[in-house]
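Student: Sequence first, predicted coordinates after that:
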Amino acid sequence: NHDALLTKLNTYPSMRRLIKSWLKAGVMDNKTFSSTEEGTPQGGVISPLLANIALHGMEERINKYAESMPGSKRANKQALSLIRYADDFIITHQDHKVVEECQKVINKWLHDMGLELKPSKTKITHTFDGFNFLGFNIRQYKVGKNHSKQGFKTIIKPSKEKVLEHYGQLSRVIDRHRAAPQEALISNLKPIIRGWCNYYSSVCSKETFKKLGYMLWNKLRRWGNQRHPKKSRTWVTKKYWGTIGKDNWMFKTNEDNYLLKHAKTEIVRHVKVKETRSPYDGDLIYWSTRMRKHPEMTTQKGRLLERQQGKCAHCGLTFRDGDLLEKHHIIPRSIGGNDLDKNLELLHLHCHDIKHRSKINTFAVGHPTRTELDENPF
């Protein structure tokens, strides 16, 4: 409902007219024009933002329903979870009836915006059976009490559909490059592999990566054999594969141009962002510790923050936004210390002063000055 969306935008008249003209502009697909009297244009650059605005408030509606349930409001809100990304969302609760009621609440809430749940993409299932969300398969498995106090373990991995879709994409690229140089094939495959692996690098993807690597290797072997039908497999292998480091099976043209391997992607677990945090809140300490680097924080300080888990190496207190941070040389440069990470630690400014005063007292011979102890302690 365009009118409902424009009302929810609550913007000034000229912006409202501009958004309305975009919504009514229609879509040109394969030289065929389709009008858009309702909804947002599929594939439009503004569509994801407008869809997000349309669905804004869903979380508050679910929280309001949770507060209306019998019992503690706080406990009810904690037990009922809604996770949304654009127009994809899931609702979790231990009671099947509560989930069913939430579906009714959401349907009514969407109706006011001229929207409805798509039956083919809506289902109620148990976490032991698993479900797909944003390309991931999320499923819980029963385990012994010694393994988990809850009696189950949650495993998240790439969904089977997305694995097949990714392999299909790689296969099509290889088929299109049957007569192309190896360099062209590598340059076209590399970004696809890198992007897919990065997306799934924070979940249980190791086995999936190994399987995809084996499937891709077989596909590339067939590609090489078809290009040289009169040559032996050994000859084809030596021509297109080589050694980089300790790996003798790298699909490459030279040391600087080789195909990335799925299985070599490092799995790094995702740490959930605190509910009230935003990359734009100005808290350099929190985001530098999370991301290792921040545009306003030096790379080395970011690494040290991550290593120290955001805490001062002297007092042990967590750094706060606005604190003055200084790098301290564990072995002073005046006696041979260097600027490598292993010889550095982050301290509060006042902790840095305290640490140097204690060093002076420890090594004092005739009470030398701080300059005599360390010409450049910073």
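Tutor: Okay, I see it. Residues are numbered from 1 along each chain as shown.
Student: so where does E326 fall, helix or strand?
Tutor: Remark: E326 resides in strand 325-329, with elements defined by DSSP states H and E.
Student: What helix or strand is L347 located in?
Tutor: Using DSSP H and E, L347 falls within strand 344-348.
Student: Kindly report the same for W287.
Tutor: Counting by DSSP H and E, W287 is part of helix 284-291.
Student: If you count neighbours, what's buried in whichever helix or strand comes after that helix?
Tutor: Note on helix 284-291: by DSSP H and E, the next helix or strand toward the C-terminus is helix 299-307. Within helix 299-307, the residues that qualify as buried are K301, G302, R303, L304, L305, R307, counting by 16 or more other Cβ atoms under 10 Å. Where you see a C-beta, it was placed from the backbone N, CA and C, and this is true even at glycine.
Student: Rounded mean pLDDT for the strand holding E326, please.
Tutor: On average, the pLDDT along strand 325-329 is 91.
Student: H314 versus H348, what's the distance?
Tutor: Taking Cβ to Cβ, to the nearest Å as the measure, H348 and H314 are separated by 7 Å.
Student: These two - which one has more neighbours?
Tutor: Between H348 and H314, counted using other Cβ atoms under 10 Å, the more crowded position is H348 (20 against 17).
Student: per-residue pLDDT, T36?
Tutor: Listed pLDDT for T36 reads 58.
Student: Report the separation between D112 and A86.
Tutor: Separation of D112 from A86 (Cβ to Cβ) stands at 19 Å.
Student: can you list the weak-confidence ranges in this protein?
Tutor: Applying pLDDT under 70 to the chain picks out residues 1, 25-31, 33-45, 279-282, 288-289, 291-296, 359-378.
Student: residue nearest the centroid of it?
Tutor: In the chain, the residue lying closest to the centroid (Cα atoms, centre = their mean) is Y199, at 6.4 Å.
Student: the domain parsing of the protein - what is it?
Tutor: Annotated domains of the chain cover 2-124, 125-158, 160-264, 284-373 [automatic domain parsing].
Student: export these to TSV and tack on distance to T276?
Tutor: Formatted as TSV, the domains of the chain follow (distance: least, Cβ to Cβ, whole Å):
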stretch	distance to T276
domain 2-124	14
domain 125-158	23
domain 160-264	22
domain 284-373	11
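Student: Please, where are all the helices along the stretch 201-350 of the chain?
Tutor: Counting by DSSP state H, counting those that start in this stretch, the stretch 201-350 of the chain has helices at residues 206-227, 233-240, 284-291, 299-307, 349-363.
Student: what residues does stretch 139-156 touch?
Tutor: Applying Cβ atoms under 8 Å, 6 or more residues apart in numbering, the contact partners of stretch 139-156 are T127, F128, D129, G130, F131, F136, N137, I138, V203, C204.
Student: Just the buried ones from these, in ChimeraX syntax?
Tutor: To isolate the buried ones among these in ChimeraX, judged by 16+ other Cβ under 10 Å, type:
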select :130,131,136,137,138,203,204
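Student: Cool, thanks, signing off.
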